[in-house]
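Enquirer: I need the structure of the sequence given here:
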Amino acid sequence: KSELYVQSYRPVENSTYITPLLNIRDTEMEFDYTEHQSLQFDLSFIRENLTATIAYYAYLILGLDLDSRSLLEGTSCFRNMELVATNVQSYGWKGWDRRNNRNRSAIAAAFNDGALEEYRQMWFDYHRKGLDVPAGHGGPGSKEVVPSILTLSALQAERPTSVLIKLFGDTKLEEMVNLLFKADAPEKKQAYEALMKLY
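Expert: Coordinates of the predicted model:
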């Protein structure tokens, strides 16, 4: 039994800045492992929770990175992530229960829900249009921060328990606050009010 912390970053183009893509604490990690045992993974025949969890997070990291660079580019990774979550259901391993709306299965389902493509569009805009397009001084800009927050607010209004809201906040909240220091006063006020409701 353990806790797993998974973090992922990517460099911002034309900058020395790196942006977080994932910051998650998984408290439902249980697995059997014998010292020196090799880890083998086959998407169609999953035998161990440890390899399933590692593969799941590898797909999530790759999907988030690809989506941040090109619109909906991470789709195949997210589909594989959901296949992992589906293929382990019969084992009853902790952390995969479909009835829990905050665990691995819920995250996989959210990224594969066509109704939530607006979130993935926002993710792309935030990174490519906001961070990768440098502000006048050569650093990441704050241009897409407020629209991103408004997208999250709309998502919260439609699906208040969506795991994506928490996932985004755990990963991006500190960065958003830092980027908003560069924004003008009306943007700061709008962002502050929306973030207070969200987080």
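Enquirer: What is the longest strand of the protein by residue count?
Expert: If you go by DSSP state E, the chain has its longest strand at strand 18-29.
Enquirer: so what does that strand touch, helix or strand wise?
Expert: Where contact means 3 or more CB pairs under 8 Å, 6 or more residues apart in numbering; DSSP states H and E, strand 18-29 is packed against strand 2-11, helix 49-69, helix 163-180. (Glycine included, C-beta is placed from N, CA and C.)
Enquirer: Could you say which of these is packed most deeply?
Expert: Comparing the helices and strands packed on strand 18-29 by mean neighbour count (mean count of other CB atoms under 10 Å), helix 49-69 comes out on top with a mean of 21.
Enquirer: how many degrees apart are that helix and helix 163-180 in direction?
Expert: Counting by axes from the mean of the first three to the mean of the last three CA atoms, to 10 degrees, helix 49-69 lies at 50 degrees to helix 163-180.
Enquirer: what angle do helix 49-69 and strand 18-29 make?
Expert: Interaxial angle, helix 49-69 versus strand 18-29 (the same axes, to 10 degrees): 150 degrees.
Enquirer: Just the buried positions in the longest strand of the chain, please.
Expert: Of the residues in strand 18-29, those buried under the neighbour-count criterion (16 or more other CB atoms under 10 Å) are T19, P20, L21, L22, N23, I24, D26, E28.
Enquirer: ok, back up a step: export the helices and strands packed on strand 18-29 to CSV and tack on mean pLDDT?
Expert: Shown next, in CSV, are the helices and strands packed on strand 18-29 (pLDDT from 0 to 100):
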stretch, mean pLDDT
strand 2-11, 96
helix 49-69, 97
helix 163-180, 94
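Enquirer: can you list these in JSON lines and add distance to Y126?
Expert: As requested, those are exported to JSON lines (distance: least, CB to CB, whole Å):
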{"stretch": "strand 2-11", "distance to Y126": "12"}
{"stretch": "helix 49-69", "distance to Y126": "8"}
{"stretch": "helix 163-180", "distance to Y126": "8"}
